[in-house]
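Enquirer: Starting from these lines, generate the structure:
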Amino acid sequence: MLRHHHTFWLVATAFISLVLPSVARFKKQHESSGEVVANADPVWNIRHVLPPLDLQNNTVTDVKVNVGDVAYLPCRFPKISTTHQLEVSWIRRSDWHILTTGTYSYTTDVRFNVLHKEGSDDWTLQLKYVDTRDNGTYECQSYTGTGVVSKYVNLHVSKPRATIHGPTELHVQEGETVTLVCVIQQSKPPFVFWYNGIDLLNNEDERSRFYVDTEVEGGKTRSSLTIKEARYTDSGNYSCLPPHVDSASVMVYVTKGDEAAAVYRRGASSRPSLKPSIASFIFLTFFVLNTVNFSILWGR
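Expert: Model (predicted):
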């Protein structure tokens, strides 16, 4: 009996010595990670693009983004004193709508959010999924004991355009391999859709003759559509549609060999003949001679 008790206490002691320190370490790590999250800088990943702390009034900053991106409108105000509660508001100048005051939002547009850490100088306005209608001037106001200090941000939202290399009309022979290349400058869309008319093209089926390849090269995206063994029924309008980008299109005409020859023969037969011109000349000459003879007879 004593032997069993002795064994039990040995196991219990080993368990406590091994498990409890691990639990303590886990708790400490959890608390420290929670502290890190609580004290995290909300603008740490964009701090390198924020302007330096400026005490001047009526400063102007330009921010340029593409449609669909996230815009960060910077605003920094230093605390006047430890006893003064700084109150900062963001105002959209196009309609004078107050978007936020402090960290509270006064708009139903959930795309707006203020990034501010308690005690910091940053009052960055975050705007998600920007659109061209968001273009304009935004004012960041700080209410001080002596008045109002303002900083302005001009938001410029642009929509990139896609272009397809080559002519707007492409003529190929049946059986050839066709490659269309679409380039999107100053934008990196995650995917690009290709359409033939209203039909979406994809290369999920290994037997498909259509193959799409999209890659990012520096500040642009390049997407290519390859049509293997082109058929007469592949003729149509091919469009490159990246998200948040103006699309581009090209007309592709696939012709058979005998059809191309027929088109050539029709073109050759439509050339004007010289016979009508000769007949017209003979008729005019005959008319002039008869007119002269009539005049001579009338004169007599």
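
Enquirer: send the alpha carbons of whichever helix or strand S89 is part of over as CSV?
Expert: Under the criterion of DSSP states H and E, S89 resides in strand 87-92. C-alpha atoms of strand 87-92 as CSV (Å, rounded to 0.1, in the frame of the first residue of the first chain):
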residue,chain,number,x,y,z
GLU,A,87,-10.7,66.8,-30.3
VAL,A,88,-10.2,66.1,-34.0
SER,A,89,-12.8,65.9,-36.7
TRP,A,90,-12.8,64.9,-40.4
ILE,A,91,-15.0,66.8,-42.8
ARG,A,92,-15.8,66.1,-46.4
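
Enquirer: what residues does that strand touch?
Expert: Residues outside strand 87-92 that contact it (C-beta atoms under 8 Å, 6 or more residues apart in numbering): 73, 75, 77, 97-102, 112, 114, 116, 123, 125, 136, 138-143. Glycine gets a C-beta too; all of them are placed from N, C-alpha and C.

Enquirer: hey, where'd the helices end up in this protein?
Expert: Listed in chain order, the helices of the chain (DSSP state H) span 2-38, 257-269, 275-299.

Enquirer: surely T177 meets S224?
Expert: No. Applying C-beta atoms under 8 Å as the test, T177 and S224 come out as separate, 11.8 Å apart.

Enquirer: need the contact list for L200.
Expert: Counting by C-beta under 8 Å, 6+ apart, L200 has contacts 193-194.

Enquirer: Quick check: beta-bridge partners of it?
Expert: As for beta bridges, L200 partners with Y195 under DSSP bridges.

Enquirer: do the same with H156
Expert: Under the criterion used (DSSP bridges), H156 bridges to K64.

Enquirer: quick thing: my sequence starts at 684, can you match it?
Expert: Fine by me, first position is 684 from now on; the one you just mentioned is H839.

Enquirer: gap between it and D917?
Expert: Distance, H839 to D917, by C-beta to C-beta, to the nearest Å: 41 Å.
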